[in-house]
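> got a predicted structure plus its sequence, pasted below:
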Amino acid sequence: MRQFLKITVSMAYRNLALVLDYMTDTPLSKTQFALNARYADAPDLGSGLDQNNLLDSMLSRGSCRSFEPKPVPDEILGVLSAAALASPSKSDLQQRDIVILRDPETRSELAKLVDGQDWVAEAPMIAVFCGNNRRQRLLHDWQDVAFANDHLDAFFNAACDAAIALGAFVTAAEALGLGTCPISAVRNEAQAVSDLLGLPDHVFPFAGLAIGYPRDRAAISMRLPLRVTCHIDRYDEHGVQEAVAAYDKARAASQPYAKQRLVETFGMASDYGWSDDKVRQYSEPERANFGAFVRAKGFRLD
């Protein structure tokens, strides 16, 4: 209980500090402000870090689902793709591709496949990030050498490569003033998306990404305390339940959910927090057929 109260007071103090900061003559730096808004146990910036534009962009980012009605220039998309694909890749295998959807009809078809997310159709640009284990297998075919790693790791490596590229693209785009929002729902209809994009065997959609100039400034979403998700030397779950409970209360107070999920099943909660929302979300099956899709793409998941 003592730890729970300590975390709750810490969150309340930092939220109050954000308000008071606007009222003082010596405001926090933008980056420290974003850190404090994001984490109850935010670290203090070291010397020189409070004027780092990239750090500021990364810490103050938020998902954008409302865009200005103007296109993203092709040259910018080209540079962002290059930046994304310059990111780390497992063993330099480079098992990720980006499909830029310039054709409005293709974007419209993709929006239909991610049913229930109308904002996707309004995004000026959509890219789909794909895991690609096909090229590696082609190399083996061309050199007549057996591919000896036909197991789960082949799929996992390609998925991780795609994830790294997606993150790098988001960071670069938002550093240039663009807004983005990943679209995991492309995996809801993975086969249909694969058919739409003409993806061959051993190439699969990992996530979509909406890209455009933001209409409104994105909100900074509170994250779990760093002590819950950042470990030193060994994984540690000590006090995690109390920490999550405190996080629920602080987030519900400052960033309440606009609506509650599955009210017909769970009823209306008087205190609806992050953990309630996530439990309700995953109380129903989601993408249960994705494994079958991946196997149909030719992957062995042993």
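Arrived safely. Numbers count the residues shown, from 1 in each chain.

> pretty sure Ala192 is touching Asp115, no?
No. In this structure, Ala192 sits apart from Asp115 without contact. The criterion is C-beta atoms under 8 Å, and the distance is 10.8 Å. Backbone N, C-alpha and C define where each C-beta goes, glycine included.

> okay, those two: which has more neighbours?
Regarding Ala192 and Asp115, a neighbour count based on other C-beta atoms under 10 Å identifies Ala192 as having more, with 15 against 11.

> contact partners for that one?
Contacts were defined as C-beta atoms under 8 Å, 6 or more residues apart in numbering; by that measure Ala192 touches Leu113.

> for it, helix, strand, or coil?
When states are read from DSSP: H, G, I helix; E, B strand; the rest coil, the local structure at Ala192 comes out as helix.

> swap in Thr180?
Thr180 is classified as strand under three-state DSSP.

> which regions of the stretch 1-150 of the chain sit below the pLDDT cut-off?
Judged against pLDDT under 70, the low-scoring parts of the stretch 1-150 of the chain cover residues 1-27, 116.

> hey, where'd the helices end up in it?
With DSSP state H, counting those that start in this stretch as the definition, the stretch 1-150 of the chain shows helices at residue ranges 2-21, 30-38, 53-59, 74-85, 104-113, 119-122, 134-143.

> what helix or strand is Met268 located in?
Met268 is part of no helix or strand when elements are defined by DSSP states H and E.

> please state the offset of the top strand by length along the chain from the chain centre?
Looking only at the chain and at elements set by DSSP state E, the strand with the highest residue count is strand 203-212. Taking the mean C-alpha point of strand 203-212 and that of its whole chain, the gap between them comes to 11 Å (C-alpha atoms, centre = their mean, to the nearest Å).

> that strand pairs with which strands, parallel or anti?
Each strand pairing with strand 203-212, determined using DSSP bridges, is listed with its direction: strand 125-132 (antiparallel), strand 179-183 (antiparallel).

> still on that earlier bit, most packed of the helices of the stretch 1-150 of the chain?
For the helices of the stretch 1-150 of the chain, average neighbour numbers computed from mean count of other C-beta atoms under 10 Å are highest in helix 30-38, which has a mean of 21.

> now Val170, nearest residue through space, not along the chain?
On the basis of C-beta to C-beta, 6 or more residues apart in numbering, the spatially nearest residue to Val170 that is not a chain neighbour turns out to be Thr180, at 5.0 Å.

> tell me what the one you found is bridged to.
Applying DSSP bridges to Thr180 yields these beta-bridge partners: Ile211.

> Leu197 and Ala245: what is the separation?
Here the criterion is C-beta to C-beta, to the nearest Å. By it, Leu197 lies 43 Å from Ala245.

> so those two - more neighbours on which side?
Just comparing Leu197 and Ala245: by other C-beta under 10 Å the higher neighbour count belongs to Leu197, 18 against 15.

> one step back: of all the strands paired with strand 203-212, which one is nearest Asp103?
Taking C-beta to C-beta as the criterion, strand 125-132 is the member of those that comes nearest to Asp103, at 10.3 Å.

> ok so, going back, the residue nearest to Val170 touches Ala207, doesn't it?
No. Thr180 lies out of contact with Ala207 (C-beta under 8 Å); the separation is 11.1 Å.

> common neighbours of these two, please.
Taking C-beta under 8 Å, 6+ apart as the contact criterion, Thr180 and Ala207 have no common neighbours.

> quick one, which of these two is more surrounded?
Neighbours were tallied for Thr180 and for Ala207 using other C-beta under 10 Å; the higher tally belongs to Thr180 (28 against 19).

> next up, the contacts around the more buried one.
With C-beta under 8 Å, 6+ apart as the criterion, the residues that contact Thr180 are Ser63, Cys64, Phe169, Val170, Ala173, Glu174, Leu209, Ala210, Ile211.

> tell me the one among these nearest to Asp50.
Within the contacts of Thr180, proximity to Asp50 (C-beta to C-beta) peaks at Glu174, which comes in at 18.8 Å.
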